[in-house]
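J.: structure for the following, please:
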Amino acid sequence: MTAPTSLQLAVTAGTLIGLGVALLLWRLVPAQPDLRDALERLSPEHARRHPVPAQERDSTQRLGAWGMRVLPPALWGRTPTRELAILRTPVSRFYGEKVSFALLGLAIPPLLTVLFNVLGAGLPFYVPLAGSLALAAVLFMVPDHNARDDAKKARAEFTRALGAYIDLVALERHNGSGPRQAMEAAAAVGDSWVFRRLSEELARTRWSGLTPWEALRALSDELGLPELDDLADIMRLSGEEGAQVYASLRARSTGIRTAMLTTEKAKANEIGERMSIPMSLLGVIFLAILVAPALLRVMGGAP
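T.: Now for the predicted structure:
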């Protein structure tokens, strides 16, 4: 077998170098994206249809994904979909929290039983068994309560910010901006999560083929916000029929603030009523302290 010549070595080395440079350029040159895939990723339904990739999940989400694959669907009960949507909490994380709380409930009673038995309590085995099942069932429902409570606060915050957003849209329309421009400019003013959410939905309509009011109506159905649906109806009249909606927008924002003020007054009255109960009890106790000595003297002096 003859040894390779210098020319053969040079050709081989040049070929390898050229191949490496070609692969490097192929890697660095941006690829031409598929239009359908790009539009699908921008669609509002993409996040709901496609779960978070496995490499981006934390331990809670991985536990929830495992529970979704292994545990029966009837075990989860009714999933608060709208609450999770407004909180932007993945379903896998929600299920992972439920499984984590249930496992915690299963573990606490046996640990306490071991501690009590070490101290000499001598508890039978069925006590931690029943306690584990009961505590696991209770803790399994805790994430549902947390999601509904957090979603209620988020909806109140969204409604409060929506009143300001409607006023901004009305001012933009009064200054001569078109329906889309008015909605996008108003959403760009604020930096809260509500304005960012509205801005994302409006920006997505530029590629999804939906009108801004259709996107707001879909967002209203997804999050359970009827006030947003009212805004979508008003802007649809402005965009499709050219109606003057300045007065309607201002009236809607005023209605939102009035409803919020009524709710806050009702809460204040409820708190005031709860505060009156301890004061009434203190008054009763004070009167009992004043009357008790006289009653004791009368009862002591009676034959």
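
J.: measure Leu103 to Phe94 for me?
T.: Counting by CB to CB, to the nearest Å, the gap from Leu103 to Phe94 is 15 Å. The C-beta positions use only the backbone N, C-alpha and C, and glycine is treated the same way.

J.: higher neighbour count, the two?
T.: Phe94 (23 against 14; other CB atoms under 10 Å).

J.: distance of that one from Leu287?
T.: Separation of Phe94 from Leu287 (CB to CB): 52 Å.

J.: repeat for Val114
T.: Distance check for Val114 against Leu287: by CB to CB, it reads 52 Å.

J.: and whichever strand or helix holds Ala268, what does it pack onto?
T.: Assigned by DSSP states H and E, Ala268 belongs to helix 246-301. Packing partners of helix 246-301 (3 or more CB pairs under 8 Å, 6 or more residues apart in numbering; DSSP states H and E): helix 142-174, helix 226-241.

J.: of all these, which one comes closest to Pro124?
T.: helix 142-174 (27.9 Å; CB to CB).

J.: how big is the angle separating that closest one from helix 246-301?
T.: Angle, helix 142-174 to helix 246-301, by axes from the mean of the first three to the mean of the last three CA atoms, to 10 degrees: 140 degrees.

J.: just checking, what packs against the helix or strand following helix 142-174?
T.: Using DSSP H and E, the next helix or strand after helix 142-174 towards the C-terminus is helix 179-187. Identification of packing neighbours for helix 179-187 by 3+ CB pairs under 8 Å, 6+ apart yields helix 142-174, helix 193-208, helix 212-223, helix 226-241.

J.: low-confidence ranges in the stretch 51-200 of the chain?
T.: Residue ranges of the stretch 51-200 of the chain with pLDDT under 70: 51-57, 121-123, 125.

J.: what would the helices and strands packed on helix 246-301 look like in a markdown table with mean neighbour count?
T.: Shown next, in a markdown table, are those (neighbours: other CB atoms under 10 Å):
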| stretch | mean neighbour count |
| --- | --- |
| helix 142-174 | 18 |
| helix 226-241 | 18 |
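
J.: reformat these as a markdown table; add distance to Leu219.
T.: A markdown table is the format used below for the helices and strands packed on helix 246-301 (distance: least, CB to CB, whole Å):
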| stretch | distance to Leu219 |
| --- | --- |
| helix 142-174 | 10 |
| helix 226-241 | 6 |
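
J.: indicate which one of the ones you listed is closest to Glu214.
T.: helix 226-241 (7.4 Å).

J.: tell me the angle of the closest one relative to helix 246-301?
T.: On the basis of the same axes, to 10 degrees, helix 226-241 is oriented at 170 degrees to helix 246-301.

J.: any idea how far Phe195 is from the residue lying closest to Tyr165 once chain neighbours are set aside?
T.: Among residues not flanking Tyr165 along the chain, Ala186 sits closest, at 5.7 Å (CB to CB, 6 or more residues apart in numbering). For Ala186, the distance to Phe195 equals 8 Å [CB to CB].

J.: how about Gln244?
T.: Taking CB to CB, one finds Gln244 at 25 Å from Phe195.

J.: C-terminal to whatever helix or strand Ser100 lives in, what's the next element?
T.: For Ser100, the element it lies in under DSSP H and E is helix 91-118. As assigned by DSSP H and E, the chain's next helix or strand after helix 91-118 is helix 126-140.

J.: buried residues of that following helix, list them for me.
T.: Using 16 or more other CB atoms under 10 Å as the test for burial, helix 126-140 gives Pro128, Gly131, Ser132, Leu135, Ala136, Leu139, Phe140.

J.: cool, and stretch 215-225?
T.: Ala215, Leu216, Arg217, Ala218, Leu219, Ser220, Glu222, Leu223, Gly224, Leu225.

J.: show me how far that stretch is from its chain's centre.
T.: Computed by CA atoms, centre = their mean, to the nearest Å, the chain-centroid distance of stretch 215-225 equals 14 Å.

J.: neighbouring contacts of it?
T.: Outside stretch 215-225, the residues within contact range by CB atoms under 8 Å, 6 or more residues apart in numbering are 44, 82, 85-86, 155, 158-159, 162, 197-198, 201-202, 204-205, 208, 210, 226-229, 231-233, 235.

J.: again, but for stretch 102-118
T.: Stretch 102-118 has contacts (CB under 8 Å, 6+ apart) with 123, 127-129, 131-133, 135-140.

J.: ok, back up a step: distance of the residue nearest to Tyr165 from Arg252?
T.: From Ala186 over to Arg252 (counting by CB to CB), the distance is 14 Å.

J.: check Gly105 too.
T.: Between Gly105 and Arg252 the computed distance is 46 Å (CB to CB).

J.: same check, this time on Leu216
T.: The gap separating Leu216 from Arg252 is 13 Å, by CB to CB.

J.: now for the two: what residues contact both?
T.: Leu231.
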